[in-house]
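Participant: Build the 3D model from these lines:
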Amino acid sequence: MIKKYAAVLCCFVALTVCHNANSQDKKNRQKAYFGKTLPADTNGHIPCVADEYQNYLKKTHTTLQSREEFEINMAAKIDASKNNFQLKNTNTVITLPVVVHVIHNGDAIGTDENITDDQIITQIQVLNEDFRKMLDTPGYNDHPDGADMEIEFCLAQRDPGGSPTTGIEHINLGRASWNNFEDIDLILKAETQWDPERYLNIWVCKMGGEMSGVGGYAYYPELSGLEGLEGAEGFAEIDGVILSYQCMGSNDLYPEGDYIFGRDKGRSATHEVGHFFGLIHIWGNEDSCDATDFCDDTPPVVGLHFSCAEVDTCTEDVKSDMIENHMDYTLDECKNVFTNDQKTRVWTVLENSPRRMSLATSNSCIYPEDVEFDGSLNIDNIEMACSGPFSIQLTLTNIGSATMTEATISYTIDSETTQTYTWTGELATNESEQVTITGLNSTAGSHTLFADVATVNGNADVYEFNDTKDKDFVVADNQSYVTETVTLTLQNDIWGSEVSWELKNGEGDILYSGGPYEDTDEMPGAIIQSFNVNTDECYLFTIKDAFGDGICCLSGDGYYTLTIDDNNEIASNGDYGFSESVGFTIAEELNTNDFVLQGIGIYPNPTSDKLYITSKQSLDAEYTIYNNLGQIINKGSVYLNGQVEINTGSLSEGIYFIKITSGEQSKTFKLIKQ
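Facilitator: All right, here's what the predicted structure looks like:
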């Protein structure tokens, strides 16, 4: 069956950030992850912050599971298990596969952020020492509450396609540093992540800009299974751990590496992997002896610790602060303890959290065995398809040991009927060939293409995980526009630094781009940009907002509009969330009948109630309103003469398309209902 991972964002993320000069203004907007001055060590290093980023996510993704909901669910799961974990009954020690993505900008291996494989290997060793409380290593402790977590880690032995791998990737993304959460989530992770159901993804990069001083952060798990706790599946595509390259590995084991003093023994990764498995800071993220990390065997403390000196901040408790706990901020050299209650939390997550459960049963730590019939498929670039029949390109690779002579490829667009394509040829092991499938059709707007290898040489394809692929794309408006110039009018809100846009041609080349812009105290003036366009060619315009709130509603009445020479509108919107893409085609010329619908338009757009169809001519017409699935919602006949009112009050909020037809000619507009 063709599958697609749900696009959902994480509930909790433990993240390290730095304070910047604009934090107070952003706090007033209740948008910032830099809401306060964050504690740093003597080197200006900020080890980890969970609450700021969690609050940021919760404000932008209001359906996400809250900390309170998570802990209610966690308590119920722990109570139900009574430490009798099924995974432990089956296999006392589990081994989890890790893939490390080293992100660089072209530096040679061993230079700057492009750290060596040897340095990475020492980090895996440290994780194993710490999580196993390994005797005769810095990870050992004789604390009465100290626990062997009974979890080990390996560098993956097989990649998502089933081929052998070292578990380490060096990837040139052309950037020297990564300066904000959005770019890391939407670019770095999106372009490099391996299947998070089968791998613990760890990314290593250089932090810059507002992220300078950051040590790392981790995607916090979700729990599901209790009635009433919907929205707990999380955003799979950003799951994993991010680390500064100077906090990766141990200088005791690999002194040639580049490290930050005090964070040079590999404990930043131990700390963040702890978050990845549901542990929170031992001070409960509050400066109070009444705060809790939900582990009874970690003594109450007031605040975090940077020093290795013994201290007791809650004197009513008989125990000193557990500064040696991995979930504190103390220097690497004095941390070596996970407790038994922390172990219970981690194992509860392992048995109940999406993507943590599947890690425990992944076969990615096992070197791939020879298989006879296995194909892998990739969808090549298909950001936009011009209106009318279009084609797609797929890359078919033979992963099996037998020469591939025939493969059946299944494909579909959205939830339409699945179709098949039979490829024939000759591919030896690891050889690839591009496959072109023609004659596809779909409505204007955003769609998702799914494709997978069903059979190889008449036999069922062996590895399902490398079969199914999906990719989002846009079909250009089937209305062709006659013009030599398209004009963008962009009215930003006060957060111009979040906004960027680009115009691509049908080949995917960026022809024009703009932003990010400056933040302002008041609404800025409109930006007007003209694009020269060619006849008989289609284009893709994409506008983005890094915070995900568009430009129309929270901080000013912003909008964008694309128009042609006669001011006829191609598209307009302001409430587009993180991004919106619009495809359109420039016609070579109009015949006589094509002039019938010139001058037709709609306003206001977005609309909350009444919608007007405007016309420079007098003519009979019909209109049809479709939802974004292509289903007819409303239709009727009108006589166009100046403007005609249509009542849209009964429509739910969302995106629609209104098609206006006169004779054999039609024109379609995207309609936003608020």
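Participant: And the helices in the stretch 101-250 of the chain, which stretches?
Facilitator: Counting by DSSP state H, counting those that start in this stretch, one finds helices in the stretch 101-250 of the chain at the ranges 117-132, 181-183, 190-192.
Participant: So which of those is nearest E664?
Facilitator: helix 190-192 (43.1 Å; CB to CB). The C-beta positions use only the backbone N, C-alpha and C, and glycine is treated the same way.
Participant: any chance of the helices of the stretch 101-250 of the chain in CSV, with distance to M404 and mean pLDDT too?
Facilitator: Formatted as CSV, these follow (distance: least, CB to CB, whole Å; pLDDT from 0 to 100):
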stretch, distance to M404, mean pLDDT
helix 117-132, 32, 97
helix 181-183, 39, 82
helix 190-192, 28, 91
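Participant: Next up, the contacts around H447.
Facilitator: I413, D414, D472, F473, V474, V475 (CB atoms under 8 Å, 6 or more residues apart in numbering).
Participant: So what are the sheet partners of the strand or helix carrying the third one and their directions?
Facilitator: Just to be clear, that refers to D472. In the assignment (DSSP states H and E), D472 maps to strand 469-475. Paired strands of strand 469-475, with direction, are strand 384-385 (parallel), strand 445-456 (antiparallel) (DSSP bridges).
Participant: rank the ones you listed by pLDDT, which is bottom?
Facilitator: In terms of mean pLDDT, the lowest-scoring of the strands paired with strand 469-475 is strand 384-385 (a mean of 82).
Participant: Return the distance of the helix or strand following it from the chain's centre.
Facilitator: Remark: after strand 384-385, the chain's next helix or strand is strand 390-398, criterion DSSP H and E. Mean C-alpha position of strand 390-398 versus that of the full chain (CA atoms, centre = their mean, to the nearest Å) differs by 25 Å.
Participant: And the helices in this protein?
Facilitator: Assigned by DSSP state H, the chain shows helices spanning 23-28, 51-60, 67-81, 86-90, 117-132, 181-183, 190-192, 267-276, 340-352, 356-360.
Participant: can you tell me which of the contacts of H447 lies nearest to S530?
Facilitator: The closest of the contacts of H447, once distances to S530 are taken by CB to CB, is V474, at 22.1 Å.
Participant: Just confirm that closest one contacts S581, I think it does.
Facilitator: Yes. The pair formed by V474 and S581 meets the contact definition of CB atoms under 8 Å, at 4.6 Å.
Participant: mind checking how far the residue nearest to D195 when sequence neighbours are not counted is from E518?
Facilitator: In this structure, D195 finds its nearest non-sequential neighbour in P160, 5.3 Å apart by CB to CB, 6 or more residues apart in numbering. For P160, the distance to E518 equals 41 Å [CB to CB, to the nearest Å].
Participant: Between the two, which has more neighbouring residues?
Facilitator: P160 (18 against 11; other CB atoms under 10 Å).
Participant: What residues does L359 make contact with?
Facilitator: L96, P97, E197, R198, Y199, L200, L350.
Participant: how close does it get to P144?
Facilitator: 30 Å.
Participant: Over to D107?
Facilitator: 47 Å.
Participant: and if you look at E645?
Facilitator: From E645 to P144 the distance is 78 Å (CB to CB).
Participant: and what of L651?
Facilitator: Taking CB to CB, one finds L651 at 65 Å from P144.
Participant: partner residues bridging H101?
Facilitator: Counting by DSSP bridges, H101 is bridged to E169, W203.
Participant: same deal with I392?
Facilitator: Using DSSP bridges, the bridge partners assigned to I392 are I437.
Participant: check contacts around it.
Facilitator: Shown in contact with I392 (CB under 8 Å, 6+ apart): I379, D380, I382, A385, Y411, T436, I437, L440, L449, A451.
Participant: Buried members of those residues into PyMOL, please.
Facilitator: This is how PyMOL selects the buried members of the contacts of I392, with burial counted by 16 or more other CB atoms under 10 Å:
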select buried, resi 379+382+385+411+437+440+449+451
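Participant: Out of the contacts of I392, which comes closest to N363?
Facilitator: A451 (24.0 Å).
Participant: got the contact list for that closest one?
Facilitator: A451 neighbours (CB under 8 Å, 6+ apart): I2, L377, I379, I392, L394, I409, S410, Y411, T468, K469, D470.
Participant: Tell me, how many residues neighbour the last one?
Facilitator: D470 sits with 15 neighbouring residues when counted by other CB under 10 Å.
Participant: again, but for the second one
Facilitator: L377 has 22 neighbouring residues, counting by other CB under 10 Å.
Participant: which parts of the top strand by length along the chain are buried?
Facilitator: Among the segments of the chain that qualify as a strand by DSSP state E, the longest is strand 610-627. Residues of strand 610-627 classed as buried: L611, I613, S615, A621, Y623, T624, I625, Y626 (neighbour count, 16+ other CB under 10 Å).
Participant: From V486, how far out is the closest residue to G506 other than its chain neighbours?
Facilitator: Among residues not flanking G506 along the chain, C538 sits closest, at 4.8 Å (CB to CB, 6+ apart). Here the criterion is CB to CB. By it, C538 lies 12 Å from V486.
Participant: list residues touching both of the two?
Facilitator: Joint contacts of C538 and V486 (CB under 8 Å, 6+ apart) are F584.
Participant: Could you count how many residues lie near L540?
Facilitator: 23.
Participant: Identify the residue spatially nearest to it, adjacent ones excluded.
Facilitator: Excluding the flanking residues, the one nearest L540 by CB to CB, 6+ apart is M384, at 4.1 Å.
Participant: dump the residue contacts of that neighbour.
Facilitator: F473, V474, V475, A476, K504, G506, G508, C538, L540, S581, G583.
Participant: isn't the third one right up against G583?
Facilitator: Translated: V475. Yes. V475 lies in contact with G583 (CB under 8 Å); the separation is 6.2 Å.
Participant: Can you pick out the residue with more neighbours from those two?
Facilitator: A count of neighbours by other CB under 10 Å puts G583 above the other of V475 and G583, at 27 against 22.
Participant: bridging residues for the more buried one?
Facilitator: Beta-bridge partners, per DSSP bridges, of G583: L540.
Participant: picking up where we left off before, so which of the contacts of M384 wins on neighbours?
Facilitator: Highest count within those by other CB under 10 Å belongs to G583, 27 neighbours.
Participant: Would you agree that one is in contact with L562?
Facilitator: No. Between G583 and L562 there is no contact under CB under 8 Å: 11.0 Å.
Participant: Could you tell me which residues touch both of the two?
Facilitator: F541.
Participant: circling back: so for the strand holding D472, mean pLDDT?
Facilitator: On average, strand 469-475 scores 82.
Participant: what is the orientation angle of it with strand 390-398?
Facilitator: Between strand 469-475 and strand 390-398, the angle comes out at 160 degrees (axes from the mean of the first three to the mean of the last three CA atoms, to 10 degrees).
Participant: worst-scoring helix or strand of the protein, pLDDT-wise?
Facilitator: Within the chain, no helix or strand scores below helix 23-28, which has a mean of 30 by mean pLDDT, DSSP states H and E.
Participant: Identify the structural domains in the chain and state their residue ranges.
Facilitator: 12-287+339-360, 375-472, 476-589, 594-674 (automatic domain parsing).
Participant: Pick the most deeply packed of these.
Facilitator: Comparing those by mean neighbour count (mean count of other CB atoms under 10 Å), domain 12-287+339-360 comes out on top with a mean of 19.
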